[in-house]
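Novice: give me the fold of what follows.
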Amino acid sequence: MATLTKKRKAVIGKYDANKSYSVAEASKIVKDITTTKFDASVDLAIRLGVDPRKANQMVRGTVTLPHGTGKTMRVLAIVTPDKEAEARAAGADFVGLDEYIEKIKGGWTDVDVIITMPSVMGKVGALGRVLGPRGLMPNPKTGTVTMDIGKAVTDSKGGKIDFKVDKAGIIHAGVGKVSFDAAKLTENANELLQTIIKLKPSSAKGTYVKSITLSSTMSPGVTIDPKLFS
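Specialist: Take a look at the predicted model:
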C-alpha cells in the first residue's frame, strides 16, 4: 500500500471523507485542503436521478453566478457589420463575421463563448463539427443566439455559465476559484444548485438530486448533503 505523503495526511485530518456537509462547510473545507501554488478552480459535480437519453429528462440551462467564475471569459461575437459596435462596446474580445467563420473552419477555437444572431446562424451552424465537441455552438436556449448582442456579451463576461447533464446523469460546473472567500463560493454554489432544482423535469421519478460533490482542481471531493436540496 502506498504511503501517504505529509500533505495528504494533513488534508485527510481536516475533514471526514465519509460525512456530508452543508454548502458553507464544504466551501471552507475545499479552501482549507487545497495546497496548489496556482489559483485552482472550484467545481461542483451534481448527480441527478434522470435519464439524459430521454429528451424530456434532459437538464440544461444557464445561471449567472453572483460573484462570477473568477475566470476571464474570451467572447467572440459573430455578427453583421451593423452589430459590431454594440458587441465591442459590451466588451467582446473578437468581433467579425466571415473572417472568423474561416478561422474556425481552419481549426481556431481560442475562445470561451461564441455569440451570434439568428440571421447568421446558417453560417455558424455549418461549423458544428468544430464547435460542437468543444461546447462552443451558440444556442438560443442559452441566450447566445440573439438580437440583443450587447446584453449577451455583458452576461457572458459577467459570470453567466451554461450547464448540461452529461451521459452519466452528472452536471459539472465551475463555481469560482480557491482565492474566493468561502461566503462567495457558497453563494455561487447555492445559485447553481437552486437553478438546477427549478429545472427538475416532471417526468423524472424518484430522487432528483442523488449526490453533490465540491472540489478544487487538485483536491479530493467534499460531499454535500443532497437532502438539503430535496
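Novice: center of the chain - which residue?
Specialist: Central residue of the chain (Cα atoms, centre = their mean): A173, 3.7 Å from the mean position.
Novice: can I get the CA coordinates of stretch 65-78 in PDB?
Specialist: In PDB, the C-alpha atoms belonging to stretch 65-78 read as follows (Å, rounded to 0.1, in the frame of the first residue of the first chain):
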ATOM      1  CA  LEU A  65     -23.100  33.400 -10.600                       C
ATOM      2  CA  PRO A  66     -23.400  36.400  -8.200                       C
ATOM      3  CA  HIS A  67     -19.600  36.600  -7.800                       C
ATOM      4  CA  GLY A  68     -18.600  35.500 -11.300                       C
ATOM      5  CA  THR A  69     -16.400  32.500 -12.100                       C
ATOM      6  CA  GLY A  70     -13.100  34.100 -11.400                       C
ATOM      7  CA  LYS A  71     -12.200  33.200 -15.000                       C
ATOM      8  CA  THR A  72     -11.700  35.800 -17.700                       C
ATOM      9  CA  MET A  73     -14.100  34.800 -20.400                       C
ATOM     10  CA  ARG A  74     -12.900  35.300 -24.000                       C
ATOM     11  CA  VAL A  75     -16.000  36.200 -26.100                       C
ATOM     12  CA  LEU A  76     -16.300  36.100 -29.900                       C
ATOM     13  CA  ALA A  77     -19.300  37.900 -31.500                       C
ATOM     14  CA  ILE A  78     -20.000  36.600 -35.000                       C
END
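Novice: quick one: the residue lying closest to K157 once chain neighbours are set aside from L131, how far?
Specialist: Once flanking residues are discounted, K157 sits nearest to G91: 5.0 Å by Cβ to Cβ, 6 or more residues apart in numbering. Where C-beta positions appear, they are placed from N, C-alpha and C, glycine not excepted. Computed as Cβ to Cβ, to the nearest Å, the G91 to L131 distance reads 21 Å.
Novice: what about these two, which has more around it?
Specialist: Neighbours per residue, other Cβ atoms under 10 Å: of G91 and L131, the larger number sits with L131, 18 against 15.
Novice: what's the average pLDDT for the helix or strand where I104 lies?
Specialist: Assigned by DSSP states H and E, I104 belongs to helix 98-105. Helix 98-105 shows a mean pLDDT of 96 in the predicted model.
Novice: residues of that helix that come out buried?
Specialist: 100-101, 104 (16 or more other Cβ atoms under 10 Å).
Novice: so the residue nearest to K157 touches T154, yeah?
Specialist: Yes. G91 is within contact range of T154, at 6.8 Å (criterion: Cβ atoms under 8 Å).
Novice: what's across from the residue lying closest to A173 once chain neighbours are set aside in the sheet?
Specialist: In this structure, A173 finds its nearest non-sequential neighbour in F163, 4.6 Å apart by Cβ to Cβ, 6+ apart. For F163, the beta-bridge partners under DSSP bridges are G61.
Novice: what pLDDT is listed against F163?
Specialist: 91.
Novice: wait, it sits on V63?
Specialist: Yes. Counting by Cβ under 8 Å, F163 touches V63, with 7.2 Å between them.
Novice: between the two, what contacts are shared?
Specialist: The contact sets of F163 and V63 overlap at L192 (Cβ atoms under 8 Å, 6 or more residues apart in numbering).
Novice: just say helix, strand or coil for the nearest residue to F94 once chain neighbours are set aside.
Specialist: Nearest residue to F94, sequence neighbours excluded (Cβ to Cβ, 6+ apart): L76, at 4.3 Å. Assigned with DSSP: H, G, I helix; E, B strand; the rest coil, L76 falls in the strand class.
Novice: so what's L76 up against?
Specialist: Counting by Cβ under 8 Å, 6+ apart, L76 makes contact with 92-95, 100, 111, 113-115.
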